[in-house]
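Student: what follows is a predicted structure for the sequence shown.
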Amino acid sequence: MADNAIFARLGNLWTGFISLWVSDIEKDHPEIAYQNAISSMIEKYTKLKAATGAIIARRQEITSRLETHERNLAAVAADLETALATNQDDLAVVLIQKKNALEAAITDLRAEATQATTDADSAKDSLIQVKGEIDKLKAEKDRMLAQMQSAQARLQIQGQLDGLSVDAEVQALGAVREHIKSQVAQASLGAELQNSDLDVRLAKLRQSSGSVTARAQLEAMKQARTGAAQAVAQTKTL
């Protein structure tokens with residue numbers, strides 16, 4: 001008894017060790033874990049598909065039997081009417097018994113057919129659900145592996161950046177950067193000065209234009225007054 005307990009504990013310990021080892025491998029290689037899960041779901045789907053096929057076959061078999069019994073019942077009912085019409089009572093008794101047996105069997109078969117249809121529909125729903133879970137798991141695998149690869153790439157780049165050292169060549173770029181900034185500033189200053197000169201000339205031009213316009217308006221007003229005075233004088237002369 002003690003030996004059995006020890007072996008059982010050793011077995012549990014070994015199983016636990018294997019589980020931890022497999023878990024570590026799956027963390028380093030998540031595609032293995034996803035593929036194992038997908039394979040397990042596919043195996044479940046295959047078994048469920050076979051079971052669903054058997055349930056559908058049973059439903060079809062019950063339906064076929066039900067249809068046969070219903071045809072037989074219709075034939076027996078017709079024969080019974082003929083026996084009654086021809087006063088063949090002995091044959092009518094046999095047909096009535098057969099009719100009662102068929103009606104009882106049809107009642108049972110209809111209940112079985114209803115249950116078989118329900119079972120088949122439930123099995124098909126389960127099959128569709130498992131198929132959907134497999135598709136979702138495959139999509140999740142692709143998405144998660146892509147995210148992991150992206151994260152690994154970012155970590156690698158960060159590690160490379162962290163390992164960079166500012167050497168003399170990089171430090172020498174400081175003077176070059178300052179020289180470039182100075183050149184850009186000088187170019188900008190020339191453009192600003194040029195724009196300022198143009199602004200001054202444009203302002204003077206606008207002032208001159210305003211004076212010329214005012215003088216033209218003054219001449220027009222004088223001519224208007226002179227014309228009006230002449231018109232009044234001519235009226236008085238008449």
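Tutor: Sure thing, it's come through.
Student: quick one, longest helix in the protein?
Tutor: Longest helix in the chain, counting residues (DSSP state H): helix 89-162.
Student: what pLDDT does the model give the residue lying closest to residue 138 once chain neighbours are set aside?
Tutor: Nearest residue to residue 138, sequence neighbours excluded (CB to CB, 6 or more residues apart in numbering): residue 38, at 6.2 Å. In short, each C-beta sits where N, CA and C put it, glycine included. Note on residue 38: pLDDT of 89.
Student: so residue 38 touches residue 136, yeah?
Tutor: No - if you go by CB atoms under 8 Å, residue 38 and residue 136 don't touch, sitting 10.3 Å apart.
Student: between those two, point out the one with more neighbours.
Tutor: For residue 38 versus residue 136, the count of surrounding residues by other CB atoms under 10 Å is larger for residue 38: 17 against 11.
Student: ok, now which ones touch that one?
Tutor: The neighbours of residue 38, taking CB atoms under 8 Å, 6 or more residues apart in numbering as the test, are 134, 137, 138, 141.
Student: are any of those residues buried, and which?
Tutor: Those of the contacts of residue 38 that meet the buried threshold are 134, 137, 141, by 16 or more other CB atoms under 10 Å.
Student: show me what contacts the last one?
Tutor: What that stands for is residue 141. 31, 34, 35, 38.
Student: out of those residues, which sit inside helices?
Tutor: Among these, DSSP H puts 31, 34, 35, 38 in helices.
Student: dump these to JSON lines, plus distance to residue 123.
Tutor: What follows is the ones in helices among the contacts of residue 141, written out as JSON lines (distance: CB to CB, whole Å):
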{"residue": "31", "distance to residue 123": "32"}
{"residue": "34", "distance to residue 123": "27"}
{"residue": "35", "distance to residue 123": "27"}
{"residue": "38", "distance to residue 123": "22"}
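Student: please, a PyMOL command that selects the buried ones among these?
Tutor: Applying 16+ other CB under 10 Å to those, the buried members can be selected in PyMOL as follows:
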select buried, resi 34+38
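Student: where does residue 77 land in three-state SS?
Tutor: Look at residue 77: counting by DSSP: H, G, I helix; E, B strand; the rest coil, its state is helix.
Student: separation between it and residue 89?
Tutor: 17 Å (CB to CB, to the nearest Å).
Student: who has more neighbours, the two?
Tutor: Legend: neighbour count by other CB under 10 Å for residue 77 and residue 89, higher for residue 77 (13 against 10).
Student: which ones are touching the more buried one?
Tutor: For residue 77, the contact set (CB under 8 Å, 6+ apart) comprises residue 99.
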